[in-house]
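sequence first, predicted coordinates after that:
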Amino acid sequence: MIRLQLGYPPPVPDIHCWSPSYPLQALCLWTLPQDPILPTYYISTYRHLEEIYSCQRASEQDRQCVLEELDLWSNVPYLVNITAVNALGSASRILPVIIEGIGTARSCLVDKRGHKEGFDNFFTPGVDRKAFHNMLNHMSSNSRFHSWQPGTVKPDPPVNVKVVALPGKKLHVKWAPPPTWPDPVTFPLKYKVQFQWGNPSTTSIMGPYESESMVRSGVMPGRMYHIRVSVMDLLGHGQSSEWSDTVNITLPRS
C-alpha cells in the first residue's frame, strides 16, 4: 500500500536577533511563516569577516542560535544564515546584524552570476562597504538578504520593581537591573518609568534615569497607579527592553 503525506517545501525563515547579555553573546531565534507539515530540520551558521561558525544547538529541530565572542564596535555585520530543509526542498535567509547599530530596511539579492542587486542601498552609516562586499563574494548565489536587523543590544526587563508611598503625595519607585546583563558598571544602563491611571487610561513616562530609583511628586490620593519600568543601554545602542511586570499602588487618602 502506498501512503501519501501532505506537505510543502519549507518557506523562507523569519529571523530575529537580540543581545540580552551584551557584550557576552547575542541570541537569534527563527520561525517559519507557514507550517510545511513535513518534518523539517535547520542548518544554522553565522559569519564574521572570514570566519564561519556553526551554531550550538540542542538538536537539528532547535530554532535557536547563540552568537559568542562578539567583536564589539565592528562596522562589519555578522551574517546569520538559516536554512530550512525537508524532503521537498530547502529555503534560506541571511540576516546581516550590527551588534550595536540600528539598521534601515533594505534588501539585496546575489544572483547566479554574482551580481549584487540592491547592493548600493544596503547600508547604514558606518558600515564597512568593502569588507561587506568581500563577504558577499563568499555567499552562494540566489541568496536573499533580509532587511537589516536593528541593533541587537536589547536588555531583559528590570526586576524587583517596588513602589512605596511617601508623605507629600509622592511615590518612590525602585528596581534592579536585569540579572542577565553581566556588567552594568562597564556597560551602564538607563531606565524609563511608566505610570498609568484612570479610565480611560492616562499614561505618563518619566526618565531616562541612570540610577535605580526615582520619586514622582503630585500623585492623587485614592487613585490607583499601575507602574512598570523599561531599560536600555546608556549610550542608546540597540533597543529598549520590554516593560517589567506591573506593580499597582493606591496612595491612601489623608
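Alright, I've got the coordinates.

so what's H48 closest to, chain neighbours aside?
Distances taken as CB to CB, 6 or more residues apart in numbering place Y78 nearest to H48, at 4.9 Å, with adjacent residues excluded. (Glycine included, C-beta is placed from N, CA and C.)

quick check: bridge partners of that neighbour?
The residues listed as beta-bridge partners of Y78 by DSSP bridges are V97.

and it, how close does it get to I52?
For Y78, the distance to I52 equals 11 Å [CB to CB, to the nearest Å].

so between those two, which is more surrounded?
Using other CB atoms under 10 Å, the more surrounded residue of Y78 and I52 is Y78, with 25 against 12.

so who does that one touch?
By CB atoms under 8 Å, 6 or more residues apart in numbering, Y78 lies in contact with A26, Y46, R47, H48, L67, P96, V97, I98, I99.

same check, this time on Q194
Going by CB under 8 Å, 6+ apart, Q194 touches T203, S204, I205, I227, R228, V229, S230, W243.

and of these, the nearest to A87?
Distance to A87 across the contacts of Q194 (CB to CB) is lowest for W243, with 42.9 Å.

who are the neighbours in contact with that closest one?
So W243 contacts P157, Q194, R228, V229, S230 (CB under 8 Å, 6+ apart).

let me know the pLDDT of it.
Per-residue confidence at W243 stands at 98 (pLDDT).

mind checking how far it is from D62?
28 Å.

same check, this time on A176
Applying CB to CB, the value for A176 to D62 is 31 Å.

ok, E100 next?
27 Å.

between those two, which is the more surrounded one?
Neighbour count, other CB under 10 Å: between E100 and D62, E100 has more, with 21 against 14.

so the residue nearest to that one when sequence neighbours are not counted, which of the three states?
Nearest-residue entry for E100: H237, 4.1 Å, with adjacent residues in sequence omitted and distances by CB to CB, 6+ apart. Secondary structure assignment for H237 (DSSP: H, G, I helix; E, B strand; the rest coil): coil.

ok, now how distant is H237 from I99?
Distance, H237 to I99, by CB to CB: 8 Å.

more crowded one of these two?
Ranked by neighbour count (other CB under 10 Å), H237 and I99 place I99 first, with 24 against 20.

the stretch 151-254 of the chain: strands as residue ranges?
159-166, 170-176, 189-197, 202-209, 213-217, 224-233, 247-250 (DSSP state E, counting those that start in this stretch).

looking at those, which is buried most?
By mean neighbour count, with neighbours taken as mean count of other CB atoms under 10 Å, strand 224-233 ranks first of the strands of the stretch 151-254 of the chain at a mean of 21.

any idea of the mean pLDDT in that one?
97.

which helices and strands does it pack with?
Contacts defined by 3 or more CB pairs under 8 Å, 6 or more residues apart in numbering; DSSP states H and E place strand 224-233 against strand 159-166, strand 170-176, strand 189-197, strand 247-250.

wait, what's in contact with Y225?
Going by CB under 8 Å, 6+ apart, Y225 touches V163, L171, F195, Q196, W197, V219, N248, I249, T250, L251.

give me the low-pLDDT residue ranges for the chain?
Along the chain, segments meeting pLDDT under 70 span 4, 58, 101-151, 254.

break it into its domains for me.
14-145, 159-250 (automatic domain parsing).

and those as a markdown table, adding distance to R3?
Listed next are these as a markdown table, based on distance: least, CB to CB, whole Å:
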| stretch | distance to R3 |
| --- | --- |
| domain 14-145 | 14 |
| domain 159-250 | 46 |
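
between these, which gets nearest to Q5?
Within the domains of the chain, the stretch nearest Q5 is domain 14-145; the backing value is 7.0 Å (CB to CB).

run through the helices of this protein in chain order.
129-137 (DSSP state H).

so what's the nearest residue to P157 once chain neighbours are set aside up against?
Nearest-residue entry for P157: S244, 4.3 Å, with adjacent residues in sequence omitted and distances by CB to CB, 6+ apart. Neighbouring residues of S244 by CB under 8 Å, 6+ apart: P157, P158, V159, V161, W175, R228, V229, S230.
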